[in-house]
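Asks: Got a predicted structure plus its sequence, pasted below:
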Amino acid sequence: EKRPAEALVVQGPDYWLYVLRVRAVGSESDVIPPLLRQVWETFAFVEGGT
């Protein structure tokens, strides 16, 4: 069964591409959760990470 999906693609400072794909799950919902928007709004790269 196909469900709607969205992808967030971010290019890091090292030119790597990072992809987060979110798909609606469950039998009653075809709505992508607002979590994707929350991740997109707060996603950041931190210099000097371990």
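Replies: Yep, that arrived. Residues are numbered from 1 along each chain as shown.
Asks: Next, residue 44: secondary structure please.
Replies: Here residue 44 is recorded as coil under DSSP: H, G, I helix; E, B strand; the rest coil.
Asks: That should have said residue 9, apologies.
Replies: Assignment for residue 9 (three-state DSSP): strand.
Asks: Give me the phi and psi angles of the closest residue to it other than its chain neighbours.
Replies: Spatial nearest neighbour of residue 9, excluding adjacent residues (Cβ to Cβ, 6 or more residues apart in numbering): residue 19 at 5.2 Å. Glycine gets a C-beta too; all of them are placed from N, C-alpha and C. Main-chain torsions, residue 19, degrees, to the nearest 10: phi -120, psi 130.
Asks: Can you give me the neighbour number for residue 20?
Replies: Close neighbours of residue 20, defined as other Cβ atoms under 10 Å, add up to 14.
Asks: That one sits in which helix or strand?
Replies: Using DSSP states H and E, residue 20 maps to strand 17-23.
Asks: element containing residue 6, please.
Replies: Assigned by DSSP H and E, residue 6 falls within strand 5-11.
Asks: how about that strand as CSV, C-alpha atoms only?
Replies: Provided in CSV are the C-alpha atoms of strand 5-11 (Å, rounded to 0.1, in the frame of the first residue of the first chain):
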residue,chain,number,x,y,z
ALA,A,5,6.2,10.7,1.8
GLU,A,6,8.5,13.7,1.9
ALA,A,7,12.2,14.0,1.9
LEU,A,8,14.5,16.5,3.5
VAL,A,9,17.9,16.8,1.8
VAL,A,10,20.7,18.9,3.3
GLN,A,11,24.2,19.5,2.1
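Asks: elements contacting that strand?
Replies: For strand 5-11, the packing partners by 3 or more Cβ pairs under 8 Å, 6 or more residues apart in numbering; DSSP states H and E come out as strand 17-23, helix 35-42.
Asks: Of all the ones you listed, which one comes closest to residue 11?
Replies: Among the helices and strands packed on strand 5-11, strand 17-23 comes nearest to residue 11, with 5.5 Å by Cβ to Cβ.
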